[in-house]
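Novice: Turn this into a structure:
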Amino acid sequence: MNERPIKETLLLLEDDPLTRREIQQAFGAEGYRVIATDLAAHAWDLFTAERPGLAILDITVPDGSGMDVCRNIRGHDKLSFTPVIILTGKEGYDSKVEGFEAGADQYLTKPVPPRELLLWVRALLRRVDLGSAPIGLLQAGDLEIDVEAHLVRFKGAMIASLTVKEFELLCFLVKNRPKVLSRKHILSNLWHTIAVDHVVNTHIGNLKKKVPAELADKIQAIPGRGYRFLE
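Specialist: Down below sits the predicted model:
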């Protein structure tokens, strides 16, 4: 059975019928297949069955929250790197931080024109392609990153469940080691926008939680300057 995601298939969790229809029509005209639902439980079933290339999740739905679906995606053993966009009417700093901490790659507040949403989808799918491009092996001491296969090993042991953004961050820090990279520099290279203050801190924190403590110690925060990878 093919376990890879299907790039042309998108998962949409949205409780507003009009918004669902608009997105399905707009994306369908561009060649995408949008599988849509208004229930979180159904969204998770669709994700595991259909293996979409990207998920667009509303937060507030009748049976729960899109945040939980996002967390479940990040916990999937083989598809955890699938890009996720939170598309919601909930504004506010705390909600955005929660979204990024849940593993979202982008947090958009409604209303978002379908054309703009399409641009975000294309950008995130392109990053997945770039992340799997055959640019070789990155090595730093006992750390080995197979960029083509999207695999990370430390002292021979596999590190699983890194999101696309966490993988990109680790690669970016290792490539530029031991240079200190400012948050602004990281944002401009990996996000191309300043989505939320401290978004880099959030993703760095998530990354460090998923790797062995010895490796996490090599990802250093330099007060007032940014982050670096130091062997």
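Novice: For A36, give me its contacts.
Specialist: L11, L12, L13, E14, R20, I23, Q24 (Cβ atoms under 8 Å, 6 or more residues apart in numbering). For the C-beta atoms, the positions are set from N, CA and C on the backbone; glycine is no exception.
Novice: Flag every buried residue along the host helix or strand of the fifth one.
Specialist: Right, the one you point to is R20. Element membership for R20, per DSSP states H and E: helix 17-28. Buried residues in helix 17-28, counted by 16 or more other Cβ atoms under 10 Å: T19, R20, I23, Q24, A26, F27.
Novice: In this structure the third one contacts D16, no?
Specialist: In other words, I23. No - I23 lies out of contact with D16 (Cβ atoms under 8 Å); the separation is 9.9 Å.
Novice: Surely E8 is in a strand?
Specialist: Yes - checked against DSSP: H, G, I helix; E, B strand; the rest coil, E8 lies within a strand.
Novice: what about it, how many neighbours?
Specialist: 15 (other Cβ atoms under 10 Å).
Novice: Partner strands of whatever helix or strand comes next after the helix holding R20, with direction?
Specialist: The element immediately downstream of helix 17-28 (helix or strand, assigned by DSSP H and E) is strand 33-37. Sheet pairing here is set by DSSP bridges, and for strand 33-37 it gives strand 6-13 (parallel).
Novice: Check the burial of D217 by counting its neighbours.
Specialist: 11.
Novice: For the remainder of this discussion, apply numbering that starts at 725.
Specialist: Sure, I'll start numbering at 725, so the last one becomes D941.
Novice: Distance check, it against I883.
Specialist: According to Cβ to Cβ, to the nearest Å, D941 stands 15 Å off from I883.
Novice: What of I946?
Specialist: Note on I946: its distance to I883, by Cβ to Cβ, is 24 Å.
Novice: Same drill for those two, tell me which one is more crowded.
Specialist: I883 (19 against 12).
Novice: can you tell me which residue is nearest the centre of this protein?
Specialist: Geometric centre of the chain, nearest residue: D829, 3.6 Å, by Cα atoms, centre = their mean.
Novice: check contacts around it.
Specialist: By Cβ under 8 Å, 6+ apart, the neighbours of D829 are P807, V808, I809, L848, T887, V888, K889.
Novice: tell me the average confidence for stretch 760-772?
Specialist: What stretch 760-772 shows for mean pLDDT is 92.
Novice: Distance from the longest helix along the chain to the middle of the chain?
Specialist: Ranked by residue count and defined by DSSP state H, the top helix of the chain is helix 838-855. Computed by Cα atoms, centre = their mean, to the nearest Å, the chain-centroid distance of helix 838-855 equals 11 Å.
Novice: helices or strands up against it?
Specialist: strand 730-737, helix 741-752, strand 776-781, strand 808-812, strand 830-833, helix 888-899 (3 or more Cβ pairs under 8 Å, 6 or more residues apart in numbering; DSSP states H and E).
Novice: Looking at the contacts of A760, which is nearest L875?
Specialist: L735 (24.6 Å; Cβ to Cβ).
Novice: Now tell me what touches the helix or strand harbouring D818 from outside.
Specialist: Applying DSSP H and E as the criterion places D818 in helix 817-826. Outside helix 817-826, the residues that touch it by Cβ under 8 Å, 6+ apart are 783, 791, 794-795, 798, 810, 812, 831, 919-923, 926-927, 930.
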